[in-house]
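1. I'll drop the sequence and a predicted model, then ask my questions.
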Amino acid sequence: MMRFLVSRLASALVVILGVSVLVFFLIHLVPGDPVEVMLGEGSQPADREALRRALGLDLPVHVQLGHYLQGLLQGDLGVSLHSRRPIGEILLERIPATLELALAGLVVAVLIALPLGIIAALRKDTPWDGGAMAFAMLGVSIPNFWMGPLLILVFSLWLGWLPVSGREGPASLVLPALTLGTAMAAILSRMIRATLLEVLNEDYIRTARAKGLSWGQVVRRHALRNAMLPVITLLGLQLGALLAGAVITEIVFSWPGIGQLVIESIQRRDYPVVQACVLLISLAYVLVNTLTDLCYAWLDPRIRLGQ
Amino acid sequence: MRLKFALFVLACWVLLAAAGAWLPFEPYRIDLARILDPPDATAWLGHDDLGRPIWDRLVVGARYSLWVAVLVVGISLAAGTFIGAVSAYAGGWLDHLLVRVIDIFLAFPGILLAIALAGLMGPGLDNVVIALSLVGWVGFARLARAQVLTLKQRDHVAAAVSLGAGPGRIVWRHLLPLMAAPLIVEATFAVAGIVIAEAGLSFLGLGIQPPEPSWGSMIREGSRYMLVTPHMVLAPGIALLLVVLAVNMLGDRLRDRLDVRQS
């Protein structure tokens, strides 16, 4: 286990370093002179020089990269061009909202997917199965940025039950969480159905039935437990997609999280903030994936021993 | 039945895209007397907030979504398969290096990286294609690498090597045909993903720029006028949903038919 832990953490560190370097180079993708783009064409040459020096863009690239990585290690993400505040501070304000939305989306996804997947597997090739899988198909195919407006149209504008947008009170969380959770519920329910069907074919299920357990007990005690392992992995992998999906969902519902910050900062040409947001979400993603891997190894001895 | 539905929708998509290029549609014609007019006999999807006919905009938008999807999936498939195959076939330090690069790209949630790339490079069709391709190749590379790793152990490859075939010939003639099935399935699902991603970028204002019509920007414009009239947000959304649904159904069918296990 120790060896697995060390090798997994080492490769995570390499990935984190690579991600940071790639994010550093993002600003060099801005066409032409990034300083001119950020300040606008009518800006004074003196201002441009000042910003260029403040961002360190006058230095050779490898020196810039060095400064940038050194800053990251010290937790210094730079300063926003728009508000002149430290970026770390701005991110800290926004993280709770995104985290809240992502977790609520995850809860919605599991609440929908678990019953749906189980019903579909146990009632395979019946209308129950067909209905559940049709829902799943629809769920993966419907984009967040259309689902959101539709939910607003029905539940906020026509029925008047829930707020249109913003983040005030638990009621305002319902529609964004539904929007974000549906796509994941769709993927998850298909996965649960597939793994459960596979497990139900195993010999130990027949054995459990033969020794006299009721079907309900077999499903709960033997089938579900074994089917959950790959589902947990998928859940971890999907959490990253959930964080990214939150970007668009936040825009639809004016939810004041990291996603909204990304788009606002792109519009304001506040590129250091864009870089920091991408870095933050990607690092969170790497962290979750690594933790999922470790959990998985801990739950299933075959993996850590196979290494 | 489902396959017929999927093929029918996809045929409509392609036909509309072609029609948008060849027939005289008027996606930019502003008619101030008909602002936000709901559907009627003369304009069967109604008019938008500038009095432009939504049907015409939808048809021209179909062209962009198809074009971006075909281009991005084509580029990603070619580049990803090449990189993955080289990595697995060459082995050694090159494989180590490429695996690291793939891992690093996989560490970014795809759509987020595309948003950042499109946002920094500036909006427009070209940059959307570049941004989505930069994100898209990774999945194919990982798949191709895994495929080549298992396939190159087969006897017929050893036979080809001993007959003096070079690496290029072996990958092209002896491995690629065997990898085609999973790659085709992956590419089909990628089309669905790219159609949603293009619309998403345009929805965020980072993709195809007004007044050019894109389904994504039409949804954004429509959602502003939802309270007045829902037809503006419904039409492009339904078109998008139908296309993505059809592509996903086709992908499912192909996966079952070609017997590809999803990783």
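-> In hand now; what should we look at?
2. ok, A:Asp247 to chain B distance?
-> Actually, residue A:247 is Val rather than Asp. The gap separating A:Val247 from chain B is 6 Å, by CB to the nearest CB, to the nearest Å. (C-beta placed from N, C-alpha, C; glycine too.)
3. ok, and the closest non-adjacent residue to that residue?
-> A:Gly259 (3.3 Å; CB to CB, 6 or more residues apart in numbering or on different chains).
4. try B:Pro213
-> Using CB to CB, 6+ apart and skipping residues adjacent in sequence, the residue nearest B:Pro213 is B:Arg57, 3.8 Å away.
5. I'd assumed that neighbour was in a helix, is it?
-> Yes. Counting by DSSP: H, G, I helix; E, B strand; the rest coil, B:Arg57 is found in a helix.
6. burial count for A:Leu26?
-> 19 (other CB atoms under 10 Å in any protein chain shown).
7. isn't it up against B:Leu117?
-> Yes. Counting by CB atoms under 8 Å, A:Leu26 touches B:Leu117, with 7.4 Å between them.
8. quick revisit: my guess is the residue nearest to A:Val247 meets A:Thr98, correct?
-> Yes. Counting by CB under 8 Å, A:Gly259 does reach A:Thr98; the two are 6.5 Å apart.
9. quick check: neighbours shared by the two?
-> A:246, A:250 (CB atoms under 8 Å, 6 or more residues apart in numbering or on different chains).
10. check the residue of the stretch 101-250 of chain A found nearest chain B and give its pLDDT.
-> Relative to chain B, the nearest point of the stretch 101-250 of chain A is A:Ala244 (3.3 Å; CB to the nearest CB). In this model, A:Ala244 is scored at 77, pLDDT.
11. B:Ser214: neighbour count?
-> 28.
12. next, give phi and psi for it.
-> phi -130, psi 150 (degrees, to the nearest 10).
13. let me see the confidence value for it.
-> 89.
14. hang on, it packs against B:Glu198?
-> Yes. Using CB under 8 Å, B:Ser214 makes contact with B:Glu198 at a distance of 7.2 Å.
15. overlap in contacts of these two?
-> B:64-65, B:207-208.
16. may I see these arranged in JSON lines, with distance to A:Phe253 and pLDDT as well?
-> What follows is those, written out as JSON lines (distance: CB to CB, whole Å; pLDDT from 0 to 100):
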{"residue": "B:Tyr64", "distance to A:Phe253": "26", "pLDDT": "88"}
{"residue": "B:Ser65", "distance to A:Phe253": "25", "pLDDT": "90"}
{"residue": "B:Gly207", "distance to A:Phe253": "20", "pLDDT": "85"}
{"residue": "B:Ile208", "distance to A:Phe253": "24", "pLDDT": "84"}
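17. please flag which of the residues you listed sit within helices.
-> Among the shared contacts of B:Ser214 and B:Glu198, the members found in helices (DSSP state H) are B:64-65.
18. most widely separated two among the shared contacts of B:Ser214 and B:Glu198?
-> Maximum pairwise distance in those, criterion CB to CB, is 10.1 Å, between B:Ser65 and B:Gly207.
19. list the residues that contact both of those two?
-> Here B:Ser65 and B:Gly207 have B:198-199, B:214 as joint contacts, going by CB under 8 Å, 6+ apart.
20. from these, which is closest to chain A?
-> B:Ala199 (6.3 Å).
21. what about the closest one, which helix or strand?
-> Assigned by DSSP states H and E, B:Ala199 belongs to helix B:176-203.
22. contact residues of the stretch 151-300 of chain A facing chain B?
-> Taking CB under 8 Å from any CB of the partner chain, the part of the stretch 151-300 of chain A that reaches chain B is made up of A:152-153, A:157, A:240-241, A:243-245, A:247-248, A:251-252, A:262-263, A:266-267, A:271, A:274-275, A:277-278, A:281-282, A:285-286, A:289.
23. quick one: buried ones out of those residues?
-> A:152-153, A:240-241, A:243-245, A:247-248, A:251-252, A:262-263, A:266, A:271, A:274-275, A:277-278, A:281-282, A:285-286, A:289 (16 or more other CB atoms under 10 Å in any protein chain shown).
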